[in-house]
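Trainee: need a 3D model of the following:
(one chain, ligands or ions: 1)
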Amino acid sequence: MKFSRHHLQKILNLVAAFFLFSSSIFATPISIPADLMKKNCTNVLDLAGRVWRQKIEIAKKSIRFRGVDSENVEAAYSAMTPKEFDLINGAQVWAERRLIPQAMNGRIPDGPALILDLGSGPASSTEIISFYSRPDWRIIGYDFAKPLVDRANKLSAEGAFKNFKGEIIRPEFVQQSITAPLRFSNRHIIPRNSVDFVNSSGVVGHHLDKGGLEVFAKSLWYVLKEDGYAAIDSGPVNKPEDIIMAMESAGFRYIESMNSYFIDFRPKLIFQKISSATILPQN
Ligand SMILES: C[S@@+](CC[C@H](N)C(=O)[O-])C[C@H]1O[C@@H](n2cnc3c(N)ncnc32)[C@H](O)[C@@H]1O
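Mentor: As a prediction, this is how the structure comes out:
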């Protein structure tokens, strides 16, 4: 049998596949020390103050950002000043400072990784992810509100995000809906089985309707690596049971739910992609 370029290409593909496969199997996941997990957490009195300020701000400006009508939601978030967003999102950030490190702990390989933050606002959740990250991770935040994405990209370019070692982390931010096929900032589609970890804070439980939730779950299954994890907040619209049903139907295993405090009506849910599940590819 003649050894052709075609055979060489096949061998190289097999070698590359072996290294990709073995690096994801053998890489030990990062673990976050307990004291670092509590680093940016404040007490429950701070939470009460944030909730109070949020109520005043919403009443004063009659800002209507709640609901699942994506046009209204996008317009409402786009119209907020940075100060208004911070006031309205204060309680959310308080909870995420406790939830995100718990969700990341032991679930991201100790090596280069691709991390997505879906519904990242002006980087309020991505900043927390960045704090626990490494400079060799690629972190991409997504939001459909252009002013928030522009603000987040500007902060990143200015070097505003640092990890716990003080190293500058440069997340990227892409303007698009999280129910559309996920893309890099150069508009290329994120390939199948390429993402290590997905976080989504304060979005899925608050702003996706049932159809959106289904599409979102399938899209996560498409981009996540085999056995990769997704951490998704529940909320008033999509309760834990709704999200678990949608994610399990899309080919995920439900792992656990996490609370920001001992009572939390909107826990963060952790899912792992089931390698053996066969789901139709993203359309
Ligand atoms: C409550 S904020 C949460 C921001 C951030 N994740 C955090 O935890 O602080 C919700 C964000 O989700 C965005 N959002 C809502 N629905 C979305 C959708 N379908 N696609 C993209 N972004 C969406 C809003 O524009 C807003 O910035």
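Trainee: please make it C-alpha for all contacts and neighbour counts, starting now.
Mentor: Noted.
Trainee: next, Val198: phi, psi?
Mentor: phi -120, psi 130 (degrees, to the nearest 10).
Trainee: show the contacting residues for the residue nearest to Thr179 when sequence neighbours are not counted.
Mentor: Spatial nearest neighbour of Thr179, chain neighbours left out: Phe216 (5.0 Å); criterion: Cα to Cα, 6 or more residues apart in numbering. The neighbourhood of Phe216, defined by Cα atoms under 8 Å, 6 or more residues apart in numbering, consists of 178-180.
Trainee: so where do the helices sit in the stretch 51-200 of the chain?
Mentor: 70-79, 82-104, 126-131, 146-157 (DSSP state H, counting those that start in this stretch).
Trainee: and the longest strand seen in the chain with helix 82-104, angle?
Mentor: If you go by DSSP state E, the chain has its longest strand at strand 224-233. Orientation check (axes from the mean of the first three to the mean of the last three Cα atoms, to 10 degrees): strand 224-233 against helix 82-104 gives 130 degrees.
Trainee: after strand 224-233 comes which helix or strand?
Mentor: Where DSSP states H and E defines the elements, the next helix or strand beyond strand 224-233 is helix 240-249.
Trainee: pull out the buried positions in that next one.
Mentor: For helix 240-249, the neighbour count (16 or more other Cα atoms under 10 Å) marks 240, 243-244, 246-248 as buried.
Trainee: contacts for the longest strand of the chain next, please.
Mentor: Contact partners of strand 224-233, identified using Cα under 8 Å, 6+ apart, comprise 103, 107, 192-205, 220, 266-275.
Trainee: about what we covered before: tell me the most buried of the helices of the stretch 51-200 of the chain?
Mentor: Stretch with highest mean neighbour count among these: helix 126-131 (a mean of 24; mean count of other Cα atoms under 10 Å).
Trainee: looking at the contacts of Phe216, which is nearest the ligand?
Mentor: Nearest to the ligand among the contacts of Phe216: Ile178, at 4.0 Å, using Cα to the nearest ligand atom.
Trainee: tell me the contacts of the closest one?
Mentor: The neighbourhood of Ile178, defined by Cα under 8 Å, 6+ apart, consists of 118-119, 142-144, 216.
Trainee: which one among the residues you listed gets closest to Phe161?
Mentor: Tyr142 (16.4 Å; Cα to Cα).
Trainee: so the closest one sits right up against Phe173, yeah?
Mentor: Yes: if you go by Cα atoms under 8 Å, Tyr142 and Phe173 touch, sitting 5.7 Å apart.
Trainee: run a quick neighbour tally on the residue of the stretch 151-283 of the chain found nearest the ligand.
Mentor: Here the stretch 151-283 of the chain gets closest to the ligand at one residue, Ser177, 3.3 Å apart by Cα to the nearest ligand atom. Residues within reach of Ser177, counting by other Cα atoms under 10 Å, total 17.
Trainee: equivalent analysis for Phe265, please.
Mentor: Around Phe265 there are 14 other residues, counting by other Cα under 10 Å.
Trainee: picking that back up, farthest pair in the buried residues of helix 240-249?
Mentor: For the buried residues of helix 240-249, the maximum inter-member distance is 12.0 Å, found between Pro240 and Glu248 (Cα to Cα).
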